[in-house]
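Participant: Fold the following and give me the result.
(one chain, ligands or ions: 1)
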Amino acid sequence: MLHMPKYEKIWMGVGIGALCVFLLVTGILSFSMDLNPACGMKTTNKPENIGLAPPFDKPGLEQIGPNEYRATIISYVFGYTPNTITVPKGAKVHFLITSKDVVHGFNIPGTPTNMMIIPGHIAEYTQTFKTPGEYMYLCHEYCGAGHQVMYGKLVVEDKI
Ligand SMILES: [Cu+2]
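Facilitator: Residues are numbered from 1 along each chain as shown. Coordinates of the predicted model:
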């Protein structure tokens, strides 16, 4: 049996006790105050059924105006559908993203596009891509063992 000095035992008890109090208070407050994601976020059906109903039954890119697109994206452990999107230079892209399992992220480094993807909710953001090139979109909310391989590619072509 490992010998542990008395004060070390006391401080371990204090640390574990503080952690329990913190989790208890956070949990009770979250449930009693019915805390939810940011208000105004649209909701979806059950996350596991999202592929069955519009708009997530047809994920992908859809042109909705002159050089204006809607990118409907489903995130899951560990990837995105679609995982490659190609648009012309100057395209205005409306992202519409949900998750079918756990909380994910959607971040395009070097741009303001940065969303938390919550199952049962739809994250929306609009971004205009003026500079041609290859952009990466990646998950920046830790979602499990394959989190580091969760990414896709957005190609902005140098043509209109
Ligand atoms: Cu993820």
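
Participant: Going by C-alpha atoms from here, please, whenever you check contacts or count neighbours.
Facilitator: OK.

Participant: Of all the residues in stretch 111-120, which ones are buried?
Facilitator: Neighbour-count burial for stretch 111-120, counted by 16 or more other Cα atoms under 10 Å, picks out N114, M115, M116, I117, I118, P119, G120.

Participant: ok, and of the residues you listed, which contact the ion?
Facilitator: Subset of those in contact with the ion: empty, counting by Cα under 5 Å from the ion.

Participant: Now flag whichever of the residues you listed is closest to the ion.
Facilitator: I117 (8.7 Å; Cα to the ion).

Participant: Please compute how far stretch 60-77 lies from its chain's middle.
Facilitator: Put simply, stretch 60-77 sits 16 Å off its chain's centre (Cα atoms, centre = their mean, to the nearest Å).

Participant: repeat for stretch 131-145
Facilitator: Remark: stretch 131-145 is offset 10 Å from the chain centroid, using Cα atoms, centre = their mean.

Participant: same question, stretch 122-133
Facilitator: The answer for stretch 122-133 is 15 Å, by Cα atoms, centre = their mean.

Participant: who does the least confident helix or strand in the chain by mean pLDDT touch, helix- and strand-wise?
Facilitator: When each helix and strand of the chain is scored by mean pLDDT, DSSP states H and E, strand 42-43 comes last, with a mean of 75. Packing partners of strand 42-43 (3 or more Cα pairs under 8 Å, 6 or more residues apart in numbering; DSSP states H and E): strand 121-129.

Participant: residues of the strand it packs on that come out buried?
Facilitator: H121, I122, A123, E124, F129.

Participant: Remind me which helix or strand the nearest residue to the third one once chain neighbours are set aside belongs to.
Facilitator: Spatially, and ignoring its direct neighbours in sequence, A123 is nearest to I97 (5.2 Å; Cα to Cα, 6 or more residues apart in numbering). Per DSSP states H and E: I97 is located in strand 91-99.
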